[in-house]
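# I would like the atomic coordinates for the input below:
(one chain, ligands or ions: 1)
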Amino acid sequence: MPPRAKHPGAQGFLPPETTLPELRAAADGCRGCDLWEPATQTVFGAGPADAPLLLVGEQPGDVEDVEGEPFVGPAGRVLAQALHESGLDATPRYVTNAVKHFSFTRQGKRRLHQTPKAAEVSACRPWLVAEYAALRPQLTVCLGSTAVRSVLGTDVKVLRDRGAVLERDSALGPGAFLVTVHPSSILRAPDDLRAEARAAFVADLRVAAQFLG
Ligand code: SF4
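Modelled structure (predicted):
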């Protein structure tokens, strides 16, 4: 028997019907890469199916892994506040991640975030493609470099291309995209630079608000 592929990918776990509830249910059983095993559960996207705004982060964090919902930890609070300040509070949104299981290393009792490997991002992309197809959002905001690489490839750079709407093709299909930093980068910023980093993040999201009208 040939050896089992380390990252067979999520494609074989997708259901024939691809509504968001069916995708979410099927993703619970995904074994498309090794990240499922140490994690608590799949953290699928959340939000209404007719949301005009799709937000894509990197992966669930420690809190999200336990609660099973995206962006409910500290980075989620930064994001919620920035959405409020940018005028996107009332805009229905669907939030998800490029990778649906928490990637971490253990240090004693603590679980430390580990950036997912390119092979894991690639293995998980079919879920994101399916979410995008089900949603057909007017604008997709990629939060941080992992989301940007998964959706737009390596020729788009967060710091160079942030805060502008890019209308182009992508790994998810054609559409309008905006790239910015991941909200966790604001939490990690040095004290004297944090306010500036927050303001730049809000300014990027204001461009999204203007685009969506
Ligand atoms: S990270 Fe993605 S591809 Fe890997 S097991 Fe989880 S849902 Fe499947």
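# quick check: which helices or strands does the strand or helix carrying residue 111 pack against?
Here residue 111, judged by DSSP states H and E, is contained in strand 110-113. Contacts defined by 3 or more CB pairs under 8 Å, 6 or more residues apart in numbering; DSSP states H and E place strand 110-113 against helix 62-67, strand 104-107. For every residue, glycine as well, the C-beta is placed using N, CA and C.
# which other residues reach the helix or strand where residue 77 lies?
In this structure, residue 77 is located in helix 74-86 according to DSSP H and E. By CB atoms under 8 Å, 6 or more residues apart in numbering, the residues outside helix 74-86 that reach it are 55, 57, 61, 63-64, 70-71, 89, 93, 95, 143, 182-184, 186-187, 198, 201-203, 205-206, 208-209.
# how far off centre is the strand holding residue 111?
19 Å (CA atoms, centre = their mean, to the nearest Å).
# direction included, what does it pair against?
With DSSP bridges as the test, strand 110-113 is paired with strand 104-107 (antiparallel).
# quick one: residue 124 is in a strand?
No - counting by DSSP: H, G, I helix; E, B strand; the rest coil, residue 124 falls outside a strand, being helix.
# can you select the buried ones from the contacts of helix 74-86 in ChimeraX?
Applying 16 or more other CB atoms under 10 Å to those leaves a buried subset, and the ChimeraX line that selects it is:
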select :55,57,61,64,70,71,93,95,143,182,183,184,186,198,201,202,205,206,208,209
